[in-house]
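A.B. asks: From the sequence below, what's the structure:
(3 chains)
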Amino acid sequence: MQAFDIFSFHGGIHPPENKAQSLQLPLGRPGLPNELILPLGQHIGQSSRPLVKAGDKVLKGQTLAINNGFLSSFLHAPTSGTITAIEERLIAHPSGLSDLCVILQPDGLEEWQALEPLVDWQTKNRTDVLAYLSEMGIVGMGGAGFPTQVKLQGANKSPLTHFIINAAECEPYITADDMLIREKTLELILGIEVLQHLVNASQVVIGIEDNKPTAIKLLNDLLDERNSTIKVAVVPTKYPSGGEKQLIQLLTGKEVPSGQHPADIGILCQNVGTCVAVHDAVYLGKPLISRFTTLTGDALNAPQNVEVLLGTPVSHLLAYAESQDNRLHRLVMGGPMMGFTLDSPQVPVVKTSNCILAATKEELPPPAPEQACIRCGMCEQACPVSLLPQQLLWFSKSQEHEKAEHHNLFDCIECGACSYVCPSSIPLVQYYRHSKSSIREARESAVKADLAKQRFEARKARQDAEAAEKEAKRLARQKPAPTKDASKVAPKAAASAAPATNDEAKKLKVDLAIAKTKLKKLEKQLLSAQENEHVEEINNLQLQVTDQANQVKDLEAQMAKVAPAAPVAKPTPAAQDSASDELKKAKVDLALVGVKLKKAQKQLDETPDDADLKQKVADLQAQQQAAQAKLDQAGAATQVAAKSAPKPAANDELKKAKVDLALAGVKLKKAQKQLAEAPEDAELKQKVADLEALQKAAQTKLDQAQASDNVTAKPASGEAAANGDELKKLKIDAAIAKAAVKKVEKALKKAEELQAPELDTLRQQFKDAQQRASELEHALANPNAQPKTTVASKPTQNSVGTADEDKKRKVDLAIAKAGIKKAEKNLALLKEQGKSEADIQASEWPQKLLDAQQKLAQLETATPAAETASAKKTSTAAQAQPAAPTNADDDKKRKIDLAIAKAGIKKAEKNLALLKEQGKSDEAIQASEWPQKLLEAQQKLAQLESTEAPQSNPAKAKPSTIEASTSEPANDDAPQASLAEQIKQQKIAVALAKAQANKLAKKLGVEPDNAEQVQIEIAQLKDKQAQAEHLLEQLMKQQESQ
Amino acid sequence: MTEYLLILVSTILVNNFVLVQFLGLCPFMGVSGKLETSIGMAMATTFVLTLSSLCSYLTFTYILQPFGLEYLQTISFILVIAVVVQFTEMVVHKTSPLLYRVLGIFLPLITTNCAVLGVALQNISKQNDFVESILYGFGAAVGFSFVLVLFAAMRERINVADVPVVFKGSAIGMITAGLMALAFMGFTALVQI
Amino acid sequence: MTTVLLAIGILVLLALVFGGILGYANVRFHVEGDPIVDQIDALLPQTQCGQCGHPGCRPYAEAISNGEAINHCPPGGQATIQALADLLDVEAIPLDGDHGTESAKRVAVIREDECIGCTKCIQACPVDAILGAAKQMHTVISDECTGCDLCVEPCPVDCIDMVEVGVNTKTWSWDKPQGVTSTSLNIIATDRQTEAAH
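C.D. replies: Model (predicted):
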């Protein structure tokens, strides 16, 4: 063999080798452990997907898990036995975390599955051989566990100049590769030949350090014997010559460019272990199930190399190598330089574990405390990748990741040479590792943020498109009516003119909206500037605000021009529309001016001596009056116009009033919020009071409008529809009021927490809000009666009305429940905080809770009552067709109620469990509180469930009455249909009951404490199920008889 | 020509405005936290200083002198400088929003940078002609930029170094600046005529 | 007297001329929009959670460029505040507690057997990370979930949990070393060998 040219690399160190210890004994083969732990992620990339399940019998070499994507690998059973579990176990990882592992209990038979070697590998397609290697679970056994087939595929990109076999094994202590070469020289050479066949490099070199003379001699002899072209390159001993890039530099003089792979410069590197594994797979058909591992360290009496099955726990190996537990100080997997400390000896050996180092305290003393960098530059001398470790340290310490990256942090191979030489014992590598993971994390989150942004924007675009489409449809619906009229009366030109002006108006509206938002933003800025007293900014901003305000005014003027233009283009029949348009515009104007006024006033509040602002406020007020006048005019005009069609106009008015009310509500809310933040602000309080008055005024206006609406609407035919509208409105009002209550509640809570002195006022407010809410609810109930009476006279509308009612009740129920939930939550929160003024709280919140519960109860009692009423009404209506949908609606409602009630129970239970966990000292209070609640909720559930049963009775009974009353053959289909539906419902009920029973049974297993209760529940459910089944049977019979 | 070269050497090294004449110390301490910022500041100051020394020269020679209003030089120079700074601010805002954002409060601060007024006044007292004035202003600006960038680079490293707690922050900055000033005294013997 | 008038006149003239120059520059170099918004937006975590009081991350970026405080983003936490402070060269301030507190990364998980299929959470999700249809069970695509909590409130049966994303071996990262600690100051470098020899 001629000598091979050896180059050199920068830096490197010469730590004590300590290799002799583990070479004293021959290769050992420890026996089977009690169980093998096989992590699913033994390689870089995605974890494998398990094919087996607990309890499966497997043969030795059987595939346990398959690859999960491109960068993944297979996993095989190292011996025959039974899979006992697939669970989280501690794995060999620097983090000391657990990961999913297949647990295999050996049966001791070592029963191989049928082996199918790839005998014709020389003639086989390259891709097939690679796939075969992948299926054999072969990964790089040197360090990272990179799937071999992926590496080989990558090497195929460009023609290879060098195929390097890495046998350098530069780390101290480790002799596994040395032993592997000695034991399996032929297998190694055959494996290299297989790989060379696959990659076809022009030169094949085995790089080996000169501290392994035996191995070198064996290799040389065998290669001479075989007349092989494979060369052996002996490199001087220097750490880290075994690093892939360092070995390449040593053997070829080429440096792998930063951020590239060896394959990019035509070089492939493989570990000797990998080559032997390839041989075993191709020639013997054996998958990768074992490896050579060095057991060494002073704490072992018999340090040696062993061929060990993957998954063998380290503790088993330690016992085999006669570990002295009292001397064992630190257990390291891998070498002393790049390895990591194992927290527990229970972790398994994996495909990449080349050494277990059981070190004594003298051998691997705990790292000395870090001291300040003295800028000696020794780290730079030692760095094998020619980095500037000191610089990187600064950047890493100060979290300047960008700069660290700029200094090629990611080229660091984490060899530890710099830390080794550092006289201040700075753990440089750990700093770099930390920086690297931080950078990676940041990158990942950036990618995720980008994705989220994309999705958010896509969603927004979609929503906008939907809104635009809806708008277009709406316009399309609106347009045909006037155009039809127009085509009847006026020339076609006018008809086309209308959309044009419409378009223009829309554009203007958009512009106006944009201008207004800008204005708002500027005003906000101005406000903040004023707060911060940035004089310069204030002036600047004020200028901008006035500009923007002017622009808005211009646009409004334009709008005004366009708006009248539109009706002009329209012929007389469209006059009504134009009038309403005008009205709308006037309203918008008014609202705008109002908003401006408010803002100005707010500003004025903050800077009371600003003359400009006062002027502005005055101007705005004048403007508002003008707008109001205009609005009145327009309103009058509309009324005139509306005389021909009074209904829509009245509706408009109603709408306006509603909008006003809502606006007032919103304003009030805002003011309240502000108040909550600054409770001692007298002005704010005043404002809140004003707003409340305003809201009330709006409410009265609304009432008036409704009254007038009713008056105007009565003669019209759309009576029911109007009532529905009203109902909806009231509901909205109620919801708003409730939201206000909630908000005040929140504020109250906050204040309580802060022990603010304004507690009383807030409480007062809270009560007010609650009262308002209840008033509204009351109001909601009254109009309900109204439609009912009207509806009664109009049987055709009956079902619609009851359905609406139902909906309302449902909404109420849900809201009441939400209130309870909130109160409960608050209560729990307060308890957790362990408030000192627990007495006050106890008197306050539980009270609230009770109130809310009462309300709920009321509502719930109201529900069945109303339902029976509605049912009665429906039956008096004796209209078969609408009856069925009503029942269906009822059913739905009830189901939802049930679900919600169940959620309540669950919540209560959860809280209970939580409190128990916390081991509350005031357990007595808790015990009396939550279980009580739980019971209540359960009762509620029971109630609901019981109402369900009777409810289904009328449902059942009704069809028969209908049948009786409808003797006409035309109506025959309807009852059948409803019958079918009922059957379906009953089936669902049965299924539901069963599911619940199952769930409860499960719960019984988990919480034996509540066993009694749960069993009672189960019994109840079973009863219910039986009932439902019975009903179902009846219904079926009925259907059959029909 | 030698004179011009001498003016540059003098203003940049020997009579460095910051470290020898101790003018413009506020931006020197204030904007030297980050290298990027200091480079931006250096560029802005260079631009302003050169332009303002030119403008102030013109104002003095063609407006104040003919009317015998030399005593108005300070107030009119301040006016000139303020305008030049405002102008620079607008240009920077237009061309580099980030730099604008980064310079933030410091850009208007150039107005009150004593180095700028100092250069303008020294131009008059040294009776520099037109070209000399420009070179004087430019040299002063280059000198300022030079030490500012150097200082910023140093401070960046000091920030990540293990400075004793009592010296952390501005204290070590001041010490460093003092040492730099000492070092710059070495340039005194640079030119011997 | 003439001298005084002359002096005043000259100064006024100067002021006028310079005013003119500035006025022109103002028009010529007028800045439209604010490109800084994009850079700010890029630093925000894009959870679109609205905890800052703005509907989405971009509006908040705009607000920041208009002078709003940079500490209103709980999902981004201190890291985002630091990044923003670096970008805008302002002081990094602690997170504003009014807008929420920084918490570990979480994802929403729907307890699927309790879902009644109301689609309310689907409508609330700002990144379309919830799948489902009316009266069908819904589920969260956990990879797409930003953990914004917006779906929790609308759920009528409270079947959505926010589950913390734990650390696994893939996402685990190395700790930062403690650095030079005060205890280490007592030891001089040469003590190390002696200590080890014992």
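A.B. asks: so residue B:184 touches residue B:19, yeah?
C.D. replies: Yes: using CB atoms under 8 Å, residue B:184 makes contact with residue B:19 at a distance of 4.2 Å. (Each C-beta comes from the backbone N, C-alpha and C, glycine too.)
A.B. asks: neighbour-wise, which of these two wins?
C.D. replies: Neighbour count, other CB atoms under 10 Å in any protein chain shown: between residue B:184 and residue B:19, residue B:19 has more, with 26 against 18.
A.B. asks: Confirm the more buried one sits in a helix?
C.D. replies: No: under DSSP: H, G, I helix; E, B strand; the rest coil, residue B:19 sits outside any helix and is assigned coil.
A.B. asks: circling back to that earlier point, overlap in contacts of residue B:184 and residue B:19?
C.D. replies: residue B:147 (CB atoms under 8 Å, 6 or more residues apart in numbering or on different chains).
A.B. asks: Would you mind listing what in chain C touches chain B?
C.D. replies: C:3, C:6-7, C:10-11, C:14-15, C:18, C:21-22, C:25-26, C:29-31, C:34-36, C:39, C:87-90, C:180 (CB under 8 Å from any CB of the partner chain).
A.B. asks: contacting residues around residue 23?
C.D. replies: No chain in the question, so chain A it is. With contacts defined as CB under 8 Å, 6+ apart, the neighbours of residue A:23 are A:175, A:178-179, A:305.
A.B. asks: oops, I was thinking of chain C
C.D. replies: Taking CB under 8 Å, 6+ apart as the definition, residue C:23 has no contacts.
A.B. asks: same deal with residue A:364?
C.D. replies: A:329-330, A:332, A:336, A:357.
A.B. asks: Check residue A:104 too.
C.D. replies: Residues in contact with residue A:104 (CB under 8 Å, 6+ apart) are A:35-36, A:38, A:58, A:64, A:77-79, A:81-84, A:311.
A.B. asks: go on, residue A:209?
C.D. replies: A:167-170, A:234-237, A:241-242.
A.B. asks: One more: residue A:436?
C.D. replies: So residue A:436 contacts A:409-410, A:412, C:174 (CB under 8 Å, 6+ apart).
A.B. asks: Can you pick out the most distant pair from those?
C.D. replies: When CB to CB is used, the two most widely separated members of those are A:410 and C:174, lying 14.5 Å apart.
A.B. asks: Those two: which is more packed in?
C.D. replies: More crowded of residue A:410 and residue C:174, by other CB under 10 Å: residue C:174, with 18 against 14.
A.B. asks: Could you grab the helix/strand/coil label for the more buried one?
C.D. replies: Secondary structure assignment for residue C:174 (three-state DSSP): coil.
A.B. asks: re the thing from before, who wins for neighbours among the contacts of residue A:23?
C.D. replies: Most neighbours among the contacts of residue A:23, by other CB under 10 Å: residue A:175, with 28 neighbours.
A.B. asks: Identify the residues contacting that residue.
C.D. replies: Applying CB under 8 Å, 6+ apart to residue A:175 gives the contacts A:19, A:22-23, A:169, A:294, A:296, A:305.
A.B. asks: just to revisit the earlier point, cross-reference the contacts of residue A:23 with the strands and report the matches.
C.D. replies: Judged by DSSP state E, strands contain the following of the contacts of residue A:23: residue A:305.
A.B. asks: Serialize the contacts of residue A:23 to CSV and add fields for pLDDT.
C.D. replies: CSV is the format used below for these (pLDDT from 0 to 100):
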residue, pLDDT
A:175, 92
A:178, 93
A:179, 93
A:305, 93
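A.B. asks: and the two most separated of the contacts of residue A:23?
C.D. replies: Going by CB to CB, the pair spanning the contacts of residue A:23 furthest: A:178 and A:305, at 8.1 Å.
A.B. asks: one step back: farthest-separated two in the contacts of residue A:175?
C.D. replies: Every pair of the contacts of residue A:175 checked by CB to CB; the farthest is A:169 and A:296, at 12.9 Å.
A.B. asks: rewinding a little: write the PyMOL selection for whichever of the contacts of residue A:104 are buried.
C.D. replies: PyMOL command restricting these to the buried ones, with burial defined by 16 or more other CB atoms under 10 Å in any protein chain shown:
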select buried, chain A and resi 35+36+38+58+64+77+78+79+81+82+83+311
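A.B. asks: Kindly indicate which of the contacts of residue A:104 lies nearest residue A:214.
C.D. replies: The closest of the contacts of residue A:104, once distances to residue A:214 are taken by CB to CB, is residue A:78, at 28.7 Å.
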